[in-house]
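> Quick one, what's the 3D model for this:
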Amino acid sequence: MKRWLPHPLLTPILALVWLLLNNTVAPGQIVLGLLLGWAIPRFTFGFWPESVRIYRHSGLLRFLAVFLYDVLVANVAVARLVLAGPRSLNPLFVEVPLDLTNDLGLSLLANIICLTPGTVSARLSPDHRTLLVHALDCTDPGQLIHTIKMRFEAPLKEIFEC
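Reported below is the predicted structural model:
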């Protein structure tokens, strides 16, 4: 079974992304999305360093909701900053200490930070214990670190590590 459907959770996610990219739910696009959702994991299986193990599926759905909410709030905040002009910005690099050790979790954390408007993950330390994050507007580095650790890192640790 694992040989024919190596990542069962990834298949419907890829199909859904396909439908969102095409902005349609036409039957042909649904079939094509499911075919791509099956084929991509199937033919890239040899490139995955380890199998993805999710320990808390309910945590994954809750995390996704939090992430989408944070993206929405950050979009509004960045729009306000842009409209206020460059004088209102307080750009800052912050080193975030990491407790997460799972490679996929670390990759997701770095990408989620980049996908949230106003922040960019700039560098992961060679020992994977610190992530350098650039914030467009940050007056309290401690608060930024706390937010990243509580809203993103802790749920990812719960989802991908036992």
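
> Would you mind measuring from the residue nearest to the spatial centre of the chain to residue 103?
By Cα atoms, centre = their mean, the chain has its centre lying nearest to residue 112, at 3.3 Å. Separation of residue 112 from residue 103 (Cβ to Cβ, to the nearest Å): 15 Å. Every C-beta, even on glycine, is put in place using the N, C-alpha and C of the backbone.

> in which helix or strand would I find residue 131?
strand 130-135 (DSSP states H and E).

> Next one: the residue nearest to the centre of the chain from residue 91, what distance?
Applying Cβ to Cβ to residue 112 and residue 91 gives a distance of 20 Å.

> Also residue 21?
The gap separating residue 21 from residue 91 is 32 Å, by Cβ to Cβ.

> can you check residue 140 too?
Going from residue 140 to residue 91 by Cβ to Cβ gives 14 Å.

> my guess is residue 120 is in a strand, correct?
Yes: in this structure, residue 120 lies within a strand as judged by DSSP: H, G, I helix; E, B strand; the rest coil.

> follow-up on the earlier one: quick check: chain neighbours aside, which residue is closest to the residue nearest to the centre of the chain?
residue 152 (5.6 Å; Cβ to Cβ, 6 or more residues apart in numbering).

> again, but for residue 45
Among residues not flanking residue 45 along the chain, residue 6 sits closest, at 4.4 Å (Cβ to Cβ, 6+ apart).

> For residue 109, which residues are in contact?
Each residue near residue 109 by Cβ atoms under 8 Å, 6 or more residues apart in numbering is listed here: 98, 100, 121, 131, 148, 152-153, 156.

> pull the longest helix from the chain.
In the chain, with assignment by DSSP state H, the single longest helix is helix 57-84.

> Against which helices or strands is the next helix or strand after that one packed?
Downstream of helix 57-84, the first helix or strand assigned by DSSP H and E is strand 92-97. Under the contact definition 3 or more Cβ pairs under 8 Å, 6 or more residues apart in numbering; DSSP states H and E, strand 92-97 sits against strand 130-135, helix 141-147.

> Check which residues of the first one are buried.
So that's strand 130-135. Neighbour counts over strand 130-135 (16 or more other Cβ atoms under 10 Å) mark 131, 133-135 as buried.

> next one: the last one
Neighbour-count burial for helix 141-147, with 16+ other Cβ under 10 Å as criterion, is recorded at 144-145, 147.
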